[in-house]
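In: Fold the following.
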Amino acid sequence: MFNMNNHRSKGKRDFFTKSALTFILSACCLSCFAQEKLPYVRIVNIVVDSVQLENFKDALKKHIKLSIPTESGILTLHVLYDKENPTHVTVFEIYRDKEAHIAHQKTSHFLEYRKITAGMVKSTARFEMLPIVLETKPIPAWYENQK
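Out: Model prediction:
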């Protein structure tokens, strides 16, 4: 025969067992992340003055072409603009760590880029992100030849 009291206590036991297991697994995962250094990921949303858009794009391309080959701490720099509103630019950055990002901001080519584009930018919003998954394929040769 079914005993409601046994069912309730078993349910409570299961709940507490699952809760304890979840806590232990979470603690283990957090300690794994603490030991493993995550890359530093940012998204920067920029609104550019429409009159200066082409000049801004040129300055940004020049900056990235100087940054990627000379800074080992930069893993990814992708820049896109909104198809419907081309003055809205998004920069997706991945650095080896936060120190690499700080070092990047001190380089002469970054400081020059900031100086050149200062009057072109209407607004900037920066977001620090935490990666869930970071996967990519090599850029195809046909794209590289279009630059």
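In: Quickly list what the residue most central in space within the chain is bridged to.
Out: Note on the chain: the residue nearest the mean C-alpha position is residue 41, at 2.9 Å, using Cα atoms, centre = their mean. Bridge pairing for residue 41 (DSSP bridges) gives the partners residue 94, residue 129.
In: my guess is it meets residue 97, correct?
Out: No - Residue 41 lies out of contact with residue 97 (Cβ atoms under 8 Å); the separation is 10.6 Å. In short, each C-beta sits where N, CA and C put it, glycine included.
In: Helices of this protein, residue ranges please.
Out: Ranges of helices in the chain, per DSSP state H, are 4-35, 53-70, 98-105, 108-117, 141-144.
In: Report the angle between the fourth one and helix 98-105.
Out: Spelled out, it's helix 108-117. In terms of direction (axes from the mean of the first three to the mean of the last three Cα atoms, to 10 degrees), helix 108-117 departs from helix 98-105 by 60 degrees.
In: residues in contact with residue 92?
Out: 41-43, 76-80 (Cβ atoms under 8 Å, 6 or more residues apart in numbering).
In: any idea what sits nearest residue 44, other than its immediate chain neighbours?
Out: Leaving out its chain neighbours, the residue that sits closest to residue 44 by Cβ to Cβ, 6 or more residues apart in numbering is residue 91, at 4.2 Å.
In: How many neighbouring residues does the one you found have?
Out: Residues within reach of residue 91, counting by other Cβ atoms under 10 Å, total 17.
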